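Asks: have a look at this fold, sequence not included:
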């Protein structure tokens, strides 16, 4: 027997709480997810660097995302992005944010319409809040990732 | 020893009524047990200390624990979990003796499911010693589980049942020997963080030193008195200077008033805790788990542990952390943050018992 609090069974705990099982894709069996996340983290840093050098960013052609990727990986990233936005801000703020991204020419109107159609599939969160600059930076990362997969 | 009986969330009964679900927090200063008794939740809160003495008539070794031990044998009483875990074999033996005495005195059935709330400290030897203590305990014959103290403590802070398990949130445990923080994503632990640099015990030491300074060296208090000053008078909402009296060595007494010592030490503590959480824990979390970081910071941060009992600390921590991060943060705590870990552990134990 071990009493190490780092080695508890999170699945057992979720089952006890009557929580939905976490899908493998978003489960953080932390060891397995960390490399992925560190790759995203690196992308995030690059984006931040780009963002701080506006000229470089402006050299990229807008809108950044003209079509949503059809691959399984692309669909996964798109789901994760919408899940994140709804989880943080709820349905209304997510739709407003998508409009904002269209006005910034991060995404095309067609992409916005496509994404808006999927927002309702994600449940409203218990606690929500306004989206911050940090949230929008993370959205830019998702947009960059999706553009690279399209 | 203080016995409380309060947990509005439950009627104290378990569906598997013959199996007793027990929640245990073996803390460095206080140990808390919660279990159902006569249809209600019984809460036992006692100092984690032990004293032994020889019976003058029979010559037998007698054991005292908790407040009685601290009051009657202040010179020899042993707080065996000072660092959070039993450091060596001697302290493990003492911890075993303490825990066995405690559960026997409460008459907790052996046929029980026990969930332990354990601090997340990197100390393999201490954890091994604690395992021995738990294995040697007479309770938990049906099932034993252990979960992080900060997770158990967040359970009553975030709802009436086990809502915290299915949330993405950050928990901060303000203990006497450690400041712990961790993000949880649907029960999974992300970036557990612990430091022994910002602690309730350090506040006690600072209060003791500050009292000496504030009274121009006329008053020296021990750490137990400093802890009592902190617990009885520390208040971020409505602090009032207080007076106390000491007996002078040559006879007579000296009355003194404390105006700054307690709140200066507490303010310093909150500043340091905010600094550790914002600049060490959260920055690391942002680096490794950006999405959960963004989600969790939008939710209330759960504050637990003995230091979270200081009135108003929740709001002060919220305000200063918001300033440090330059974004609005909200903080929640259980009604009794000092009991929260055992309370959460008991709720989990109850579900485990129901499922047997």
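Replies: Structure's in. What do you need? These figures come from a predicted structure and were not determined experimentally.

Asks: element containing residue B:133?
Replies: For residue B:133, the host element (DSSP states H and E) is helix B:124-135.

Asks: and that helix with chain A, contact?
Replies: Yes. Using Cβ under 8 Å from any Cβ of the partner chain, we find that helix B:124-135 touches chain A at B:127, B:130-131, B:134-135. The way it works is simple: take the backbone N, C-alpha and C, and place the C-beta from them, glycine included.

Asks: neighbour-wise, which one of those leads?
Replies: The most crowded member of the residues of helix B:124-135 next to chain A, judged by other Cβ atoms under 10 Å in any protein chain shown, is residue B:130 (25 neighbours).

Asks: so what's that one up against?
Replies: A:3, B:26, B:85-86, B:92, B:95, B:118 (Cβ atoms under 8 Å, 6 or more residues apart in numbering or on different chains).

Asks: distance of it relative to residue B:118?
Replies: 7 Å (Cβ to Cβ, to the nearest Å).

Asks: the residue of the stretch 201-350 of chain B found nearest chain A: neighbouring residues, count only.
Replies: Of all residues in the stretch 201-350 of chain B, residue B:298 sits closest to chain A, at 4.3 Å by Cβ to the nearest Cβ. Residues within reach of residue B:298, counting by other Cβ under 10 Å, total 25.

Asks: buried stuff in stretch B:19-31?
Replies: B:19-31 (16 or more other Cβ atoms under 10 Å in any protein chain shown).

Asks: is that stretch in proximity to chain A?
Replies: No. Under the criterion of Cβ under 8 Å from any Cβ, stretch B:19-31 makes no contact with chain A; the nearest approach is 10.0 Å.

Asks: all strands of the stretch 101-250 of chain B, in order?
Replies: B:112-118, B:143-148, B:168-174, B:179-185, B:188-195, B:242-247 (DSSP state E, counting those that start in this stretch).

Asks: against which helices or strands is the top helix by length along chain B packed?
Replies: The residue-count maximum for a helix in chain B (DSSP state H) belongs to helix B:89-106. In terms of contacts (3 or more Cβ pairs under 8 Å, 6 or more residues apart in numbering or on different chains; DSSP states H and E), helix B:89-106 is packed against strand B:30-37, strand B:40-47, strand B:50-54, strand B:61-65, helix B:124-135.

Asks: partners of the first one in the sheet?
Replies: In this case it means strand B:30-37. strand B:20-26 (antiparallel), strand B:40-47 (antiparallel) (DSSP bridges).

Asks: any idea which of the buried residues of stretch B:19-31 is closest to residue B:139?
Replies: residue B:22 (6.3 Å; Cβ to Cβ).

Asks: in the sheet, who's paired with that closest one?
Replies: What pairs with residue B:22, by the bridge criterion (DSSP bridges), is residue B:114.

Asks: that one touches residue B:349, doesn't it?
Replies: Yes. Between residue B:22 and residue B:349 there is a contact under Cβ atoms under 8 Å: 5.7 Å.

Asks: and the nearest residue to residue B:193 once chain neighbours are set aside, how many neighbours?
Replies: Distances taken as Cβ to Cβ, 6 or more residues apart in numbering or on different chains place residue B:281 nearest to residue B:193, at 4.1 Å, with adjacent residues excluded. For residue B:281, the count of nearby residues is 22 (other Cβ under 10 Å).

Asks: same question for residue A:109.
Replies: The burial count for residue A:109: 10, using other Cβ under 10 Å.

Asks: got it, and residue A:18?
Replies: 11.

Asks: what sits against it?
Replies: residue B:162.

Asks: just name the most buried of the helices and strands packed on helix B:89-106.
Replies: Of all the helices and strands packed on helix B:89-106, strand B:30-37 has the most neighbours on average by mean count of other Cβ atoms under 10 Å in any protein chain shown, namely a mean of 24.

Asks: tilt between that strand and helix B:89-106?
Replies: Strand B:30-37 runs at 30 degrees relative to helix B:89-106, counting by axes from the mean of the first three to the mean of the last three Cα atoms, to 10 degrees.

Asks: what's the helix or strand for the residue nearest the centre of chain A?
Replies: Geometric centre of chain A, nearest residue: residue A:81, 2.6 Å, by Cα atoms, centre = their mean. Secondary structure assigned from DSSP H and E places residue A:81 in helix A:72-103.

Asks: let me know the angle separating that helix from strand B:168-174.
Replies: Using the same axes, to 10 degrees, helix A:72-103 lies at 90 degrees relative to strand B:168-174.

Asks: any idea of the mean pLDDT in helix A:72-103?
Replies: Helix A:72-103 carries an average pLDDT of 91.

Asks: that one and chain B in contact?
Replies: Yes. Helix A:72-103 reaches chain B (Cβ under 8 Å from any Cβ) through A:80, A:84, A:87-88.

Asks: next SSE after that helix?
Replies: As the chain continues past helix A:72-103, the following element, by DSSP H and E, is helix A:109-119.

Asks: how far off centre is the longest helix of chain B?
Replies: Relative to its chain's centre, helix B:89-106 lies at 18 Å (Cα atoms, centre = their mean, to the nearest Å).

Asks: how many neighbours does the residue nearest to residue B:201 when sequence neighbours are not counted have?
Replies: Once flanking residues are discounted, residue B:201 sits nearest to residue B:176: 5.0 Å by Cβ to Cβ, 6+ apart. Residue B:176: 23 surrounding residues under other Cβ under 10 Å.

Asks: what about residue B:176, distance to residue B:299?
Replies: Separation of residue B:176 from residue B:299 (Cβ to Cβ): 27 Å.
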